[in-house]
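Engineer: Below are the sequence and a predicted model; questions follow.
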Amino acid sequence: MKLLKPSWVSHNGKPIFSVDIHPDGTKFATGGQGEDSGKVMIWNMAPVLREEDEKNENIPKMLCQMDNHLACVNCVRWSNNGLYLASGGDDKLVMVWKRAALIGPSTVFGSSNKLANVEQWRCVMILRNHTGDVMDVAWSPHDVWLASCSVDNTIVIWNARKFPEMVTCLRGHTGLVKGLTWDPVGKYIASQADDHSLKVWRTVDWQMDANITKPFTECGGTTHVLRLSWSPDGQYLVSAHAMNNSGPTAQIVERDGWKTNMDFVGHRKAVTVVKFNPKIFKKKQKNGSSTKPSCPYCCCAVGSKDRSLSVWLTSLKRPLVVIHDLFDKSIMDISWTLTGLGMLVCSMDGTVAYLDFSLDELGDPLSEEEKNTIHQSIYGKSLAITNTEAQLSTTIIENPEMLKYQQERQNSAQANTAAAGAGPESSAPKVNSVMNGESLEDIRKNLLKKQVETRTADGRRRITPLCIAQLDTGDFSPALFNSAPILPSGSSMSNQLAPQLNSDSSPGQPSSLGLRPNQDGMLTSPPANSTNKGLEDNNDGVKSSLLLTSASKMEPMKALDSRFTERSKATPGVTSAISSTAGLTPLDSRPKDGISALKDAKTKEETSSDSEDKMAAINKNLAFGKRKPELLMDGGEVVEKRKKGRPRKDKMAAPIPQSFTQITSPPEREPSKAVAPPAPAVVLKLPTPSTQKSFSLQVSMEPSVFLDVENEMSVVAGSKLSQLRCSRDGRDWNTLLPSPVIVAAGSSDVLAVACEDRMLSVFSCCGRRLLPAIQLATPVSALHCSAHFVMVLTAGATLFVWDVPKQKALVKNESLLTILSGADTTVSQSLLTQQGIPVIGLSNGKSYCFSSSLETWTLIADKGDSLVQCADFRSCLPSHDAPVSSGPLAVMQGRNLNAGRLASRLSSTPHHLQQSMTLAFLENQLASALTLQSSQEYRYWLLIYARFLVNEGSEYRLRELCKELLGPVHRSAASSWEPTTLGLHKRELLREVLPVIGENLRFQRLFTEYQDQLELLRNK
């Protein structure tokens, strides 16, 4: 160990209260008393480290002096990224300094030119809120917040991403607050004050988590500062100025339960400052000998009023070194270099000492990766924001555009963090099992400590069973669980979690702790393995991923129960479907009830005259399980108020399995019994609607068009006439048809009606007949109009689509037999897109569209597809775009699309497998949107796909995508490249994709290359 006291570091003999070394180790700052103001000085580190630099006249020692503080400066701290310096002083202000461009060497006012400032540091922000001297300032990990504490007994948390915004003010100390330290994991901040207490505050809701007073009760007298420190592994917090058997100590507080069993003893007077080395060490291996791997340990320096300094390793019982009488007055502050081998100490006597250690003395520092591994194992999350962030932060940004996107990305990340209030976690999309820095394991442990007891009438004790989540990550899928999780001890977390949970509902929707009415009325039944007694008690179908019951006044189960009854009132008439996703047995589907229920369902189905769209909505809502039939609950009445005691089995809502073969395509009428002209002998595969006396429907909203059909209104010469009346924006027209109309459809451009004699007539919206009557081979099963296209699905399972103005068939007599595999598969849904593309949804969960360009059936959605359920692209969803929920692809896939439905169950699948599945799924989505010619959805999925490729770092695919969008720079006869796709300009799409690529520094060459080519093309 070397010891040096550079005499040139001084505030002209005035006390130096604080010292801090810049993260890059090239400079350090001191703060203290100036002539008639507070003084902050920035010094060059080189002359301290190397003697030859000290002697070299050309190497400046002082870099900058700032006299803006009106009174003594008590604390200076560099931000973790090294861009800012924060200082707090007796003038009640916190100033934030940033380096400015050098205009020229400015001399310090009133001094000889020797003291010219080499660097220019400007005060960019003054934070005013404290009403007393500011004693300490501290930056949180990743510089999300800046905390300052004062003799006004408060701690103020500032939003470091949006100065001078104040996040909160922590009140609770009854004495002068003189020290602050952040937990390296970002979950707590600790403060120590003259009121003989050390308080730990949670960053989740800024409430006090622990108040530790025992070690400080005997403390007499005061110290100027109480600088406490948190160990780099987050396990220990060491305080200043504690007493043990009337001897001064530095108290060690363990994170686990805030136990105070150990301390550092030996100083003769009060401890003023404790500072942990930022590195975690392991024992130095002797040359060649393979000693067994030792436990990692931390290193801590303690300074005291007795003018001595001690350095401790947590692996040793005694201090590594003690230096007595280092100064003439009390030690005020300690700062380690980021390498962990150098340390600066400052004192009230106005001098600074530098200590230089060797690896032999301290040990081998762990690398960042090893440190992150330790954090991963203890807290389930890494310290680094993302794995590449650490390496990339040193990458030089070569392209100004790239810089812009990098900054935008940081800003949006900051905005998210500020909104989620979740500290560094929110910028780590990959780790989901951590709730605001606390792994589910922690939550589970805490829950087990607080068991909830009730007494039965006869005085026996009953312990209420708690439903503890399985430890899987990714259970924050809002798809599974559209509500804020119910958290232990009623902590007010809902508001911070809202941004994460609402991601797939309307943005910014306020989320309360109750269950929000779920958009599609789906409840997911609990996994079979967690059906413990507690769950049977409240037979609610919610996934038990985060039902952490609060240990509050009311019995947890009742609390949950009332929530569900409220919910069922909140969504009246929504036919909730309990989706039994692959292999999750619903709680109470006993076969015997199942059979009788099936009969009910059939009879109900045939008599029901539900409106078409309601039925379609139900179809859309039914998620197709892989093995189980669907379960339909009676409208909204899923849960009834429970009586006390065990519920009787038959009281439970018995699920009614729904037989799919019964869903007739327009489910309004019974199968046709009307006599039609004898049809050719064709096997009728699809059900047809029956004839009604009269019916009316609205075919278009904008402009509003209504159709009224009256069959057999008059008999002329033995033939029965039917009348078709249409009103459009108040103007009516009518026409007569010689045969009863079975089904009608229309759009804002055309109207189509199919009659009992298998004739199809098409009219304009003003009543002109546009096409001659078309004779069909078999009766119509479904009829759709969209824009100027007409689609007919016949009972003989054939499909036609016509383009009316061009009088041309786009799809002619195309058989559905290719897709109707299996005896009981029927069509459950059919639609025609605005582009004239027919889409057929089958009862087995698959949806097809007929591509007239490829002349084949193409699969666009499969609800049983494991890719859909396993793809996890939540981190790639655009924040600003609302998801395209009205496009044909979204309609056919329904809410089934929710990202990562099974991702939670598959959390054990290796990352590369999940990655490949997600990739395959996103490519399927792109291809489907292309076939459906749905340009909005194509753009939406293209951007998600690009963001996924960027996040996962797959450069080949990304390059191919960019190449396809850019096309050939020079036209040639050979190139078959089309400049547009679905009416979107490919190069415009590339302009949207580039900012996404710009968010990952790894691809800056790719970014620059395509950016330049686009510029080139734009200027051509």
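Structural biologist: Done, it's in. Numbering: from 1, shown residues only.
Engineer: What ranges does the stretch 801-950 of the chain have for its helices?
Structural biologist: Listed in chain order, the helices found in the stretch 801-950 of the chain under DSSP state H, counting those that start in this stretch are 866-870, 888-893, 911-931, 935-952.
Engineer: Show me what the longest one is packed up against.
Structural biologist: Just to be clear, that refers to helix 911-931. strand 856-862, helix 866-870, helix 888-893, helix 935-952 (3 or more Cβ pairs under 8 Å, 6 or more residues apart in numbering; DSSP states H and E). Quick note: C-beta positions are derived from backbone N, CA and C, even for glycine.
Engineer: ok and it relative to strand 856-862, angle-wise?
Structural biologist: With axes from the mean of the first three to the mean of the last three Cα atoms, to 10 degrees applied, the angle from helix 911-931 to strand 856-862 works out at 130 degrees.
Engineer: contact partners of stretch 847-867?
Structural biologist: 623-626, 799, 801, 810-811, 814, 818-819, 829, 833, 837-842, 844-846, 868, 888-889, 892-894, 896, 902, 917, 920-921, 924, 928, 931-932 (Cβ atoms under 8 Å, 6 or more residues apart in numbering).
Engineer: measure it end to end?
Structural biologist: 15 Å (Cα to Cα, to the nearest Å).
Engineer: Next: stretch 833-845.
Structural biologist: Terminal-residue distance, stretch 833-845 (Cα to Cα): 19 Å.
Engineer: any idea of the mean pLDDT in that stretch?
Structural biologist: Averaging pLDDT along stretch 833-845 yields 89.
Engineer: what do you get for stretch 918-936?
Structural biologist: On average, stretch 918-936 scores 89.
Engineer: before we move on, what about stretch 873-880?
Structural biologist: 72.
Engineer: Buried by neighbour count: which residues of stretch 328-339 qualify?
Structural biologist: For stretch 328-339, the neighbour count (16 or more other Cβ atoms under 10 Å) marks S330, I331, M332, D333, I334, S335, W336, T337, L338 as buried.
Engineer: ugh, wrong one, stretch 718-733
Structural biologist: L721, S722, Q723, L724, C726, R728.
Engineer: re the thing from before, the helices of the stretch 801-950 of the chain: which one's closest to N399?
Structural biologist: helix 935-952 (15.7 Å; Cβ to Cβ).
Engineer: Next SSE downstream of the closest one?
Structural biologist: Sequence-wise, the next helix or strand downstream of helix 935-952 (DSSP states H and E) is helix 955-966.
Engineer: Check what contacts that following helix and list those residues.
Structural biologist: By Cβ under 8 Å, 6+ apart, helix 955-966 touches 919, 945-946, 949-950, 986-987, 989-990, 993, 997, 1002-1003, 1006, 1010, 1013-1014, 1017.
Engineer: Tell me where the model's unsure across the stretch 51-200 of the chain.
Structural biologist: 102-116 (pLDDT under 70).
Engineer: one more time with 80
Structural biologist: Scanning the stretch 51-200 of the chain for pLDDT under 80 picks out the ranges 101-117.
Engineer: follow-up on the earlier one: sitting in helices, which of the contacts of helix 955-966 do you find?
Structural biologist: Within the contacts of helix 955-966, residues falling in helices by DSSP state H are 919, 945-946, 949-950, 986-987, 989-990, 993, 997, 1006, 1010, 1013-1014, 1017.
Engineer: Show the backbone phi and psi for D143.
Structural biologist: phi 50, psi 40 (degrees, to the nearest 10).
Engineer: In contact with it, which residues?
Structural biologist: Taking Cβ under 8 Å, 6+ apart, one finds S79, N80, N81, Y84, A160, R161 in contact with D143.
Engineer: Let's see that with 6 Å instead.
Structural biologist: Going by Cβ atoms under 6 Å, 6 or more residues apart in numbering, D143 touches S79, N80, N81, A160.
Engineer: contacting residues around the third one?
Structural biologist: Okay, so that is N81. By Cβ under 6 Å, 6+ apart, N81 lies in contact with D143.
Engineer: now the second one
Structural biologist: With contact taken as Cβ under 6 Å, 6+ apart, N80 is in contact with W139, D143.
Engineer: so how far is N734 from it?
Structural biologist: As judged by Cβ to Cβ, to the nearest Å, N80 and N734 stand 77 Å apart.
Engineer: Repeat that for the last one.
Structural biologist: Taking Cβ to Cβ as the measure, A160 and N734 are separated by 71 Å.
Engineer: And for the third one?
Structural biologist: Shown here: N81 relative to N734, a distance of 75 Å by Cβ to Cβ.
Engineer: How about the first one?
Structural biologist: Summarising the geometry, the distance separating S79 from N734, computed by Cβ to Cβ, is 77 Å.
Engineer: neighbour count winner among the two?
Structural biologist: Neighbour count, other Cβ atoms under 10 Å: between S79 and N734, S79 has more, with 19 against 12.
Engineer: if I read this right, that one contacts A138, doesn't it?
Structural biologist: No: counting by Cβ atoms under 6 Å, S79 stays clear of A138, with 10.3 Å between them.
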